[in-house]
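Enquirer: sequence and computational prediction follow.
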Amino acid sequence: MNQKKPVVVVCGATGKQGGAVTNALLKLDRFSVRALVRDPARAHHLEQRGVVLVRGDLLELPSLIEAFSGADIVYGLTQPWKPGARTADVDSEVIQGKNIIDASREVGATLVISTQIHDGEAPSGIPHADSKLEIEAYARASGIPLVNVRPASFLDNIGAEWFPVRKGKVQGLADRDAKLPYIATRDIGRAVAAVIDRLPEHVGGHVNLITGLYSGDDICAALSSLRSGESFRYVTYPKFIMWLFFTEFYKMRTAFEKMGRPPLSPEYAIGLTTTAALIEDPWTLYDFLREQGWAQRNLS
């Protein structure tokens with residue numbers, strides 16, 4: 001007799017991180033996957049792959065309780081950014097996180113919640129990172145079965161509007177020597193699927209996800225190697241300009257430059273070891289750039 005597959009609800013399944021988790025769970029083929037969406041029309045491609053679409057809004061607790069009903073596991077993540085991704089709405093993000101936690105508790109599901117890697121429990125000064133600390137604390141206090149997944153910065157952000165790569169230049173956020181933890185969202189998905197697949201081993205703890213520590217100079221060197229020696233230099237906006245016009249990013253820069261220089265957080269070493277134990281052949285920086293087609297891209 002066929003055993004019923006455990007039901008996993010994935011929040012943010014149409015985004016990069018949630019989409020990667022969905023892909024990895026489907027590849028395992030040991031779970032029934034639901035995608036939490038606000039607009040099912042945007043997720044038709046998931047439905048075609050056997051994903052069940054459930055409508056819900058992270059800011060509306062009753063809709064989440066209904067969407068999570070019958071689920072064994074919820075993969076929760078929050079979205080702090082306002083349209084344009086230049087400012088964060090941390091109050092909204094905390095509401096999202098608390099609603100995910102409350103709904104998971106209401107339906108009796110184990111929660112695997114994605115936050116952000118940080119150095120200990122002390123606030124970092126980055127509003128959208130410290131909001132995740134508040135969400136983590138609320139989740140622990142709720143008493144629900146919980147795994148806290150803490151991914152590093154996304155390699156996928158390289159080339160984004162606020163992290164552009166142009167001919168001969170990479171525009172970044174922190175000084176060129178600061179080594180920061182990174183991981184591709186593809187590998188976040190694979191690692192989270194591995195955690196869910198071996199859930200009893202991880203409940204009650206946190207899992208740092210990192211596949212490499214890279215500086216701005218490292219990014220330039222990888223691009224140069226990939227593009228047959230083409231020269232790149234890493235530049236940042238003047239700190240005064242960032243302080244005046246991009247407050248959230250200024251605070252990120254200040255924290256990143258502190259975290260990216262010795263002594264590095266022991267959480268980084270833990271994350272590298274943990275991630276390597278969860279997934280095989282994670283993408284390095286060079287692997288990621290190659291797989292994303294940066295060797296052939298036309299740079300303006």
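Expert: Received it, and whenever you're ready, just let me know what you need.
Enquirer: CA atoms for contacts and neighbours, from now on please.
Expert: Will do.
Enquirer: would you mark the buried spots in the strand or helix carrying K27?
Expert: K27 is located in helix 16-28, with elements delineated by DSSP states H and E. Residues of helix 16-28 classed as buried: K16, Q17, G18, G19, A20, V21, T22, N23, A24, L25, L26 (neighbour count, 16 or more other C-alpha atoms under 10 Å).
Enquirer: hey, where'd the strands end up in this protein?
Expert: 7-11, 32-37, 52-55, 73-76, 110-114, 146-151, 153-154, 165-166, 169-172, 180-183, 206-209, 212-214, 233-236 (DSSP state E).
Enquirer: looking only at pLDDT, what's the mean for the third one?
Expert: Right, the one you point to is strand 52-55. Computed over strand 52-55, the mean pLDDT rounds to 96.
Enquirer: distance of V54 relative to I135?
Expert: Between V54 and I135 the computed distance is 23 Å (C-alpha to C-alpha, to the nearest Å).
Enquirer: got it, and R290?
Expert: From R290 across to I135, the span is 36 Å (C-alpha to C-alpha).
Enquirer: the more surrounded of these two?
Expert: Higher neighbour count among R290 and I135: I135, with 23 against 17, using other C-alpha atoms under 10 Å.
Enquirer: pretty sure the more buried one contacts V94?
Expert: Yes. Between I135 and V94 there is a contact under C-alpha atoms under 8 Å: 6.0 Å.
Enquirer: got the contact list for stretch 148-158?
Expert: Residues outside stretch 148-158 that contact it (C-alpha atoms under 8 Å, 6 or more residues apart in numbering) are 112-118, 136, 163-165, 180-185, 188, 192, 204-210, 285, 288.
Enquirer: can I get the buried part of those residues as one ChimeraX selection?
Expert: In ChimeraX, a selection of the buried entries from those looks like this (16+ other C-alpha under 10 Å):
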select :112,113,114,115,116,117,118,136,165,180,181,182,183,184,185,188,192,206,207,208,209,210,285,288
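Enquirer: now do the helix holding K27: which elements does it pack against?
Expert: In terms of contacts (3 or more C-alpha pairs under 8 Å, 6 or more residues apart in numbering; DSSP states H and E), helix 16-28 is packed against strand 7-11, strand 32-37, helix 185-197.
Enquirer: in a markdown table: the ones you listed, plus mean pLDDT and distance to H44.
Expert: Shown next, in a markdown table, are the helices and strands packed on helix 16-28 (pLDDT from 0 to 100; distance: least, C-alpha to C-alpha, whole Å):
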| stretch | mean pLDDT | distance to H44 |
| --- | --- | --- |
| strand 7-11 | 98 | 15 |
| strand 32-37 | 97 | 11 |
| helix 185-197 | 98 | 20 |
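Enquirer: any idea how far V90 is from Q48?
Expert: Per C-alpha to C-alpha, Q48 is found 34 Å from V90.
Enquirer: looking at stretch 263-271 now, give me its mean pLDDT.
Expert: Average pLDDT, stretch 263-271: 93.
Enquirer: which parts of it are buried?
Expert: So, applying 16+ other C-alpha under 10 Å, buried residues of stretch 263-271: E267, Y268, G271.
Enquirer: dump the helices and strands packed on helix 16-28 into CSV; add distance to S131 as well.
Expert: Shown next, in CSV, are these (distance: least, C-alpha to C-alpha, whole Å):
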stretch, distance to S131
strand 7-11, 18
strand 32-37, 22
helix 185-197, 21
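Enquirer: between these, which one is closest to F68.
Expert: Set against F68 and scored by C-alpha to C-alpha, the helices and strands packed on helix 16-28 come closest in strand 7-11, at 6.7 Å.
Enquirer: which elements pack onto the closest one?
Expert: By 3+ C-alpha pairs under 8 Å, 6+ apart, strand 7-11 packs against helix 16-28, strand 32-37, strand 73-76.
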